[in-house]
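# Structure of the sequence below:
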Amino acid sequence: MAWKRSRSLFVLLLILISLASFFPALAPLPTLSSSSSTSSRLHDDLEVSTRMFKISRDMFWKDNLPFQIIGGDLHYFRVLPQYWEDRLLRAKALGLNTIQTYVPWNLHESQPGKWTFEGMADIESFLKLAQKLGFLVMLRPGPYICAEWDLGGFPAWLLAIEPALRLRSSDPAFLALVERWWGILLPKMTPFLYDNGGPIIMVQIENEYGSYGDDKNYLRHLVMLARRYLGEDIILYTTDGGTRETLEKGTLPGDDVFSAVDFSTGEKPWPIFELQKKFNAPGRSPPLSAEFYTGWLTHWGERIATTGAGFTAKYLDAILSRNGSAVLYMAHGGTNWGFYNGANTGADDSAYMPDLTSYDYDAPIKESGDVDNLKFTALRRVIKKYNRASLPSIPSNSEKRSYGRVEVQKIASLYEIVDSICDSMEVVEAKQPIGMESVGQMYGFLLYVSEYPGKENVSILSIPKVHDRAQVFISCRSEDNGRSATYAGVIERWSNSDIVLPNIKCTSNVRLFILVENLGRVNYGQYIFDRKGILSSVILDGTILHQWKMFPVSFHNLSKLVKAKPVVQVEDFVETSFREPGLYEGHFNIDSIDQVKDTFISFSGWNKGIAFVNNFNIGRFWPSRGPQCNLYVPAPILQHGENVVVILELEASNPDLLVNFVDGPDFTCPKKPRQNGDHRRSLKSNLHYGDSGKH
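Numbering: from 1, shown residues only. So this is what the prediction gives:
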């Protein structure tokens, strides 16, 4: 009898388990913590026949088992491909099971119809590597991504289209280009969907749209496109700030699109998760903070943003301890290479704030990959309590090397070689100044040249709208003084003021040279349609100047420029004042392969410019404004033997003509106190990212 009763109980248990698979409401609610329930252990013993990731009963389910997303943002385009595996392994050691990444349209289609999926843009290789290392992936293909990335990921050539596109809207002309882009991207992503054997479990639609607009037709069109290429089974999701207003504007209730939330670290998460439920179908609202902020962004002129390790860990624990899911933004920030940094505005278009080259973000995995810090330790300690898998050991920091001082010498004034670094040898001529995008110059600089009759008195120059920073020079056109120039001043977008032009005696007209720098396009908010260059008339003593020549200045052919002696000069102009834009070159040797290590270039004593190492644009430096003093140089950029550093200094070089290769970052510039009015207010006091606290 005892045996028969045991067999009966066993049969009854099997029947109940079988019924639970058909009627989930009969099954007990499993826990997602490290101590599994009896039901969860029984499920672990069952062979899973279907590969599936889904939402049910307000939980995520992976292969019919409850799953807690403990993820982190790590952007492939902010890390050299040679370091993708290293950074992912460090994310694994942190305890993450999911990687979230944006897809920047402008990286993959820098010119209309010209597609790039190699090198740093090889997203398919990144996804394969993530899967190989055991990660799931949450994909954020935009088409708008924000991300503190130039123009929020949109290609700059969109700004040159006339009539002007209405970005992030159901404008048919804009949607046609989105359709073309996603028609290239999404079919590449289909093999990587989880149901197809890949790592992608969720795909985001747009990005925090509720903080920008309320065009539901636009969002529904994106959903339709995503379903066309990715199918009906993939989980589509939106992410919005955790307020009723942003969720009402940015979500699509009833459209089978999961609504995730984000909010400032320090806010109580569970009341926001309860609000999240109101914007999801019953049973389809697992609590998810799709951006749990481990740090913050920093603009030039601000103090470096930091967030306490214990504070961050405490609020992450508040989410995970009650079976909530979270994605760390950022797990690893990386670097805004080249000209790709974004920018923000405050109350109006002129309150402009460009982002640093470093995107360290005070993340637990630092810009150079270091993990020996309090934040990594504190977050790992929390995550370890809830990740049921054993965590790998913590890797050591990568070795850094200080290569010491490197002497540089001036190659030429920028104006001597401007034709050599133009993408096109054709100079654009027009009655009025033309914006950068309209002359085909998407990044870097544009040199505007005009002239006016010489005057006995000083003149007042005004440029009502310049994006973003204009350096002004004048010279005589007469033969006796045609090769000299005088620095007149700088007009900046955020503190636009007139310039008093010096009185120079010329027997002919005075030439006016205006070098305009694009400091990064706005990536968030109502002023995102951010064209660059001179966007107004140029006014001299109340009279509009006409007849302009525009010289695009980019650096795609830098190696050719360095090897060739400049022979073509713009209007025979050579800038000779002390505050001159000039190119400088230095060489240093690395004696053996095992000495090729990560390093940082210190720009102490320099002012502002761009730096290249072995023809790779490592980004902008601006120690005179700060806070970033050093630029990160990963080892894969360097080589055994001779290495070349080229610097474009826009103002005054280091008087000793030296740069110093050091073994660590420095965010303490400028070394001397700022002058009154020079330090702009911090981001948190004059910039509001909707209600989410960020993008």
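
# Bridge partners for Val633, pull those for me.
Following DSSP bridges, Val633 is listed with bridge partners Thr599.

# swap that for Leu136, sorry
Using DSSP bridges, the bridge partners assigned to Leu136 are Thr98.

# With the one 4 residues further on instead?
Applying DSSP bridges to Arg140 yields these beta-bridge partners: Tyr102.

# And the strands in the stretch 551-695 of the chain?
582-590, 599-602, 609-613, 616-621, 630-633, 641-649, 658-662 (DSSP state E, counting those that start in this stretch).

# Just put those strands in CSV and tack on mean pLDDT.
Listed next are these as CSV, based on pLDDT from 0 to 100:
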stretch, mean pLDDT
strand 582-590, 96
strand 599-602, 98
strand 609-613, 97
strand 616-621, 98
strand 630-633, 98
strand 641-649, 97
strand 658-662, 98
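
# Reformat the ones you listed as a markdown table; add mean neighbour count and distance to Thr345.
From N, CA and C alone the C-beta is placed, and that goes for glycine too. Putting the strands of the stretch 551-695 of the chain into a markdown table (neighbours: other C-beta atoms under 10 Å; distance: least, C-beta to C-beta, whole Å) gives the following:
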| stretch | mean neighbour count | distance to Thr345 |
| --- | --- | --- |
| strand 582-590 | 18 | 31 |
| strand 599-602 | 24 | 30 |
| strand 609-613 | 22 | 23 |
| strand 616-621 | 22 | 19 |
| strand 630-633 | 24 | 25 |
| strand 641-649 | 19 | 26 |
| strand 658-662 | 21 | 33 |
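
# Can you tell me which of those strands is nearest to Ile70?
With C-beta to C-beta, the closest approach to Ile70 among the strands of the stretch 551-695 of the chain belongs to strand 630-633: 27.5 Å.

# okay but Leu175 is in contact with His221, surely?
Yes - in this structure, Leu175 is within contact of His221 by C-beta atoms under 8 Å, at 5.9 Å.

# Would you mind listing the residues in contact with the spatially most central residue of the chain?
With distances taken as C-alpha atoms, centre = their mean, the residue of the chain nearest its centroid is Trp149 (3.3 Å). Applying C-beta atoms under 8 Å, 6 or more residues apart in numbering to Trp149 gives the contacts 102, 104, 106, 336, 340-342, 523.

# Is there a neighbour count for the closest residue to Glu492 other than its chain neighbours? I'd like the number.
Excluding its sequence neighbours, the residue lying closest to Glu492 (C-beta to C-beta, 6 or more residues apart in numbering) is Arg469, at 5.2 Å. Residues lying near Arg469 (other C-beta atoms under 10 Å) number 20.

# per-residue pLDDT, Arg469?
Predicted confidence (pLDDT) for Arg469: 98.

# same thing with the one 4 residues further on?
Per-residue pLDDT puts Phe473 at 94.

# Surely it and Gly489 touch.
No - with contact defined as C-beta under 8 Å, Phe473 does not reach Gly489; the gap is 9.4 Å.

# Tell me which of those two has more neighbours.
Taking neighbours as other C-beta under 10 Å, Phe473 and Gly489 compare with Phe473 leading, 25 against 16.

# Give me the distance between the nearest residue to Trp337 once chain neighbours are set aside and Ser358.
Spatial nearest neighbour of Trp337, chain neighbours left out: Gly619 (6.0 Å); criterion: C-beta to C-beta, 6+ apart. From Gly619 across to Ser358, the span is 8 Å (C-beta to C-beta, to the nearest Å).

# what's the overlap in contacts for those two?
Common neighbours of Gly619 and Ser358 are listed as 335-336, 631 (criterion: C-beta under 8 Å, 6+ apart).

# Stretch 70-85 spans what distance, first to last residue?
For stretch 70-85, the first-to-last residue distance is 19 Å (C-alpha to C-alpha, to the nearest Å).

# Buried ones in it, by neighbour count?
Using 16 or more other C-beta atoms under 10 Å as the test for burial, stretch 70-85 gives 70-81, 83-84.

# Can you tell me the SS state at Ser259?
Under DSSP: H, G, I helix; E, B strand; the rest coil, Ser259 falls in the strand class.

# Is it bridged to anything, and to what?
For Ser259, the beta-bridge partners are Thr238 (DSSP bridges).

# Give the full set of residues in contact with it.
Shown in contact with Ser259 (C-beta under 8 Å, 6+ apart): 237-238, 240, 247, 251-253, 276, 279-280, 285.

# Looking at those, which has the smallest pLDDT value?
Ranked by pLDDT, those bottom out at Pro253, which has 87.

# mind checking how far that residue is from Val538?
According to C-beta to C-beta, Pro253 and Val538 sit 51 Å apart.

# repeat for Asn336
According to C-beta to C-beta, Asn336 and Val538 sit 31 Å apart.

# swap in Pro271?
According to C-beta to C-beta, Pro271 stands 54 Å off from Val538.

# Please say which of the two ends up with more neighbours.
Between Pro271 and Val538, counting by other C-beta under 10 Å, Val538 is the more crowded of the two (24 against 11).

# Excluding sequence neighbours, find me the nearest residue to that one.
Once flanking residues are discounted, Val538 sits nearest to Leu545: 4.8 Å by C-beta to C-beta, 6+ apart.

# Likewise for Lys92?
Pro392 (5.6 Å).

# about what we covered before: burial of the residue nearest to Val538, as a residue count?
19.

# For it, give me the backbone phi and psi.
Phi and psi for Leu545, reported as degrees, to the nearest 10, are phi -80, psi 140.

# Not counting its neighbours along the chain, what's nearest Trp61?
Leaving aside its chain neighbours, Trp61 sits nearest to Lys54 (5.1 Å; criterion: C-beta to C-beta, 6+ apart).

# host element of the one you found?
Assessed by DSSP states H and E, Lys54 sits inside strand 53-56.

# Show me what that strand packs onto, helices and strands only.
Packing partners of strand 53-56 (3 or more C-beta pairs under 8 Å, 6 or more residues apart in numbering; DSSP states H and E): strand 59-62, strand 235-241.

# Can you tell me which of those is packed in deepest?
strand 235-241 (a mean of 24; mean count of other C-beta atoms under 10 Å).

# Output that one in CSV, but only the C-alpha positions, please.
The C-alpha coordinates for strand 235-241 follow below in CSV (Å, rounded to 0.1, in the frame of the first residue of the first chain):
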residue,chain,number,x,y,z
ILE,A,235,10.0,41.0,-28.4
LEU,A,236,9.9,44.6,-29.5
TYR,A,237,10.2,47.1,-26.7
THR,A,238,10.2,50.9,-26.1
THR,A,239,12.2,52.6,-23.4
ASP,A,240,10.8,55.8,-21.8
GLY,A,241,11.3,57.9,-18.6
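
# Show residues contacting that strand.
Against strand 235-241 from outside (C-beta under 8 Å, 6+ apart): 53-55, 138, 201-211, 219, 223, 226-227, 246-247, 249-252, 256-263, 290-291, 689-693.

# This completes my enquiry, with thanks.
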